[in-house]
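Visitor: Below: sequence and its predicted model.
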Amino acid sequence: MKPVSIDKLRIQLGSAVILPDVSFEVNGGECFGLIGESGSGKSTVLRCMSLLFNSWSGDIRIDGTSVREMSAFERCRTFQMVFQDPYGSLHPRHSVRTTLSEPLKIHKLDNHQQRMESALTDVGLPVDFLDRYPHQLSGGQRQRVAIARALILEPDILLLDEPTSALDVSVQAEILNLLVRLREEKGFTYLIVSHDLAVVDHMCDRFAVMQGGKIVEILPREAIPDNQAAMPYAKELIAASLKYERTVE
């Protein structure tokens with residue numbers, strides 16, 4: 001279980017400040033959420049951590065080691081990302097076998113068949129799905145394959161960027177429950193981005209509310225039902241989400 005520390009993460013492009021000094025810590029084995037409206041900087045934080053975006057200052061450390069000091073191989077073995085869109089994150093002409101075997105070949109790991117079968121079993125898919133292609137899978141099955149791909153290198157941390165928002169409502173709960181089970185079984189540290197407070201309530205131990213690239217407030221999950229937020233924006237965001245949920249019910 002490896003903790004994550006983000007200290008004074010800042011992105012400035014010319015005169016535009018995208019992230020003005022974001023700081024928070026995630027305990028080892030914790031599920032920490034980032035919520036806020038579109039454009040608040042939630043996904044940008046994940047992209048900085050994974051070095052998909054490199055023009056940032058500050059410090060991001062995993063178990064005390066800066067991500068900039070890690071080799072690409074070490075980063076891939078330490079954390080993996082599950083993207084929002086399972087239709088776009090899987091190569092349409094690559095079978096599930098090719099998708100899962102590629103990272104094993106790159107990292108020169110053995111027992112490919114055993115590792116691939118274990119990854120599929122972990123995400124609740126039969127092993128004969130190895131020879132299927134993305135167009136033969138449902139949206140939920142594609143996201144399970146994407147999660148299996150993230151698991152295949154046995155990382156310590158999963159970065160989850162809106163992992164259910166592109167799925168049908170009937171499938172979202174299945175994927176969320178799968179992620180909860182995997183964390184319980186394997187002790188993952190999760191950093192999850194979501195605009196859905198219900199997802200945060202189901203998944204997270206703590207969460208940060210973001211607005212305009214800034215963290216407005218960090219709260220425990222227990223603060224959601226009675227809306228115990230102290231900052232006005234966080235309080236309004238939680239109130240609006242709770243009102244919507246009650247209306248739907």
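Guide: Noted; the coordinates are in hand.

Visitor: For Gln143, which non-adjacent residue is closest in space?
Guide: Excluding the flanking residues, the one nearest Gln143 by Cβ to Cβ, 6 or more residues apart in numbering is Pro86, at 4.1 Å. Using the backbone N, CA and C atoms, a C-beta is placed for each residue, glycine as well.

Visitor: Please disregard the earlier target; I meant Phe83.
Guide: Nearest non-adjacent residue to Phe83, counting by Cβ to Cβ, 6+ apart: Ser89, 4.3 Å away.

Visitor: which residues touch that neighbour?
Guide: By Cβ atoms under 8 Å, 6 or more residues apart in numbering, the contact list for Ser89 reads Val82, Phe83, Ala146.

Visitor: beta partners of the residue nearest to the spatial centre of the chain?
Guide: The chain has Leu160 as the residue nearest its centroid, 1.0 Å off, counting by Cα atoms, centre = their mean. Beta-bridge partners for Leu160, by DSSP bridges, are Val82, Ile192.

Visitor: Val180 is in contact with that one, correct?
Guide: No. Contact criterion Cβ atoms under 8 Å: Leu160 and Val180 do not qualify, at 11.7 Å.

Visitor: okay, now the residue nearest to Gln143: neighbour count?
Guide: 25 (other Cβ atoms under 10 Å).

Visitor: Over to Gln114?
Guide: Quick note: Gln114 (other Cβ under 10 Å) scores 9 neighbours.

Visitor: ok so, going back, can you verify my assumption that the residue nearest to Gln143 contacts Ala148?
Guide: No. Counting by Cβ under 8 Å, Pro86 does not reach Ala148; the two are 11.4 Å apart.

Visitor: and Val199, what element?
Guide: helix 197-203 (DSSP states H and E).

Visitor: After that helix, heading C-terminal, what element do we hit next?
Guide: strand 206-211.

Visitor: average pLDDT across that following strand?
Guide: Taken as a whole, strand 206-211 carries a mean pLDDT of 94.
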